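Asker: based on what follows, work out the 3D shape:
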Amino acid sequence: MYEIGRSKRAEQAFAFDDIAIVPSRRTRGDDEVSLSWRIDAQTFAFPLIAAPMDSVMSPQTAITVGRLGGLGVLNLEGLWTRYAEPQPLLDELAGIEDPLAATRRMQQIYAEPIKPELIRLRMSEIREAGVPAAGSLSPQNTQAYAQAVVDSGVDFFVIRGTTVSAEHVSKEHEPLNLKQFIYDLDVPVIVGGCATHQAALHLMRAGAAGVLVGFGGGAAHTTRSVLGVAVPMASAVSDVAAARRDYLDESGGRYVHVIADGSIGRSGDIAKAIACGADAVMVGSPLARADEAPGRGYHWGAEAWHDSLPRGERVKFNPVGSLEQILLGPSSVPDGTMNLVGALRKAMGTTGYTEVKEFQRVEVVVG
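Answerer: Predicted coordinates for the structure are as follows:
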């Protein structure tokens, strides 16, 4: 604990950049490593989830990620559920270089109401392609559009916000009863973000199949600058992993998946997130570099177009290759922005681990 003046004490927390993975006495060949990840009834070839951000996920890119072996989540409050043909608007945004002009235009574009029929249409597109369908809503819109999501036949329902709690209190509207809501649904729910042991434990007790750790939109959000809210991810993932262990004992064996969501910019961050206890990782900015990314090199999250208090910015990336190359390689750059799956496999083999669950026990050091 650190003393901050005479009236405040604080714990030290660590980001992914503060830690490093330690090799063990054994190494493995890449062909010995399995990255298979199973959540609920679905099994994926690797534990990477594409973040529900308009700059990286369209129905087509979600299908592509699914066919490659991962899970793509579509933002059901984004342009794809507000407009029948959103691509011209995405192209328009890509042509605006001034940050302030871009923010104002996004606020205008995203003022268009969400259309339940488009939610059903987009989810049907993904499902009919033969890959798992997942859609995301913010907590404040979950009750209004949840039925449309369930009717569309999704495999996963993601409730994603800057900070999500199981005990939201509001005088303005009826708060979401998360426990009752999850109980009434027929599909597994992934919910977050959170960053503490107690908050994660509450979400697990509410029935979540997976808990998102972090505040999402790592490269694109400015929540720390605007609200002063932030928790370094290495410590956050470790704390929530401890909550998973405690809940496993408390519930008599119910396992809740921990999914790191934020500050995942390069392949080394993915390995570090799992080393700290994550079961899977949600990625956004690495996929914004894909040739197929709807943002055309620009990357932003839902915080960027808030109508009264934007807490995000557009980030510009140079495309480096296709989605398949970014996820599965081969890589043509040495900076960890391509072949994310191959890099995780190599990290596990280098440290002697063959399963993702085992890799959570790897030794780490503080740099």
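
Asker: next one: phi and psi at Q42?
Answerer: phi -110, psi 140 (degrees, to the nearest 10).

Asker: could we number from 41 for the rest of this?
Answerer: Got it, the first residue is 41 from now on, which makes the last one we talked about Q82.

Asker: contact partners for it?
Answerer: 111, 172, 195-196 (Cβ atoms under 8 Å, 6 or more residues apart in numbering). For every residue, glycine as well, the C-beta is placed using N, CA and C.

Asker: could you rerun that using 10 Å?
Answerer: 111, 171-172, 174, 195-196, 228 (Cβ atoms under 10 Å, 6 or more residues apart in numbering).

Asker: Y185 falls within a strand, correct?
Answerer: No. Applying DSSP: H, G, I helix; E, B strand; the rest coil, one finds Y185 to be helix, outside a strand.

Asker: wait, which of the contacts of Q82 is closest to V402?
Answerer: L111 (23.9 Å; Cβ to Cβ).

Asker: picking up where we left off before, please flag which of the contacts of Q82 sit within strands.
Answerer: Assigned to strands by DSSP state E, the following of the contacts of Q82 qualify: 111, 174, 196.

Asker: state the mean pLDDT of stretch 269-284.
Answerer: Stretch 269-284 carries an average pLDDT of 93.

Asker: ditto for stretch 351-365
Answerer: Mean per-residue pLDDT for stretch 351-365: 91.

Asker: what about that stretch, how long is it end to end?
Answerer: Start-to-end span of stretch 351-365 (Cα to Cα, to the nearest Å) is 31 Å.

Asker: how about that stretch: buried residues?
Answerer: 351-355, 357, 360-361, 363-365 (16 or more other Cβ atoms under 10 Å).

Asker: select the longest helix from this structure.
Answerer: Using DSSP state H to define each element, the chain has its longest helix at helix 273-291.

Asker: hang on, L327 packs against V96?
Answerer: Yes. Using Cβ atoms under 10 Å, L327 is in contact with V96, at 4.3 Å.

Asker: so between those two, which is more surrounded?
Answerer: The neighbour comparison of L327 against V96 (other Cβ atoms under 10 Å) goes to V96, with 30 against 27.

Asker: spatially central residue in this structure, please.
Answerer: Closest residue to the average C-alpha location of the chain: M322 at 3.3 Å, with Cα atoms, centre = their mean.

Asker: and the next helix or strand past the longest helix of the chain?
Answerer: Counting by DSSP states H and E, the element after helix 273-291 in chain order, helix or strand, is strand 297-301.

Asker: got the angle between that following strand and helix 273-291?
Answerer: 160 degrees (axes from the mean of the first three to the mean of the last three Cα atoms, to 10 degrees).

Asker: what's strand 297-301 packed up against?
Answerer: Under the contact criterion of 3 or more Cβ pairs under 10 Å, 6 or more residues apart in numbering; DSSP states H and E, strand 297-301 touches strand 77-79, strand 88-90, strand 196-200, strand 229-234, strand 250-253, helix 273-291, helix 307-315, strand 320-323.
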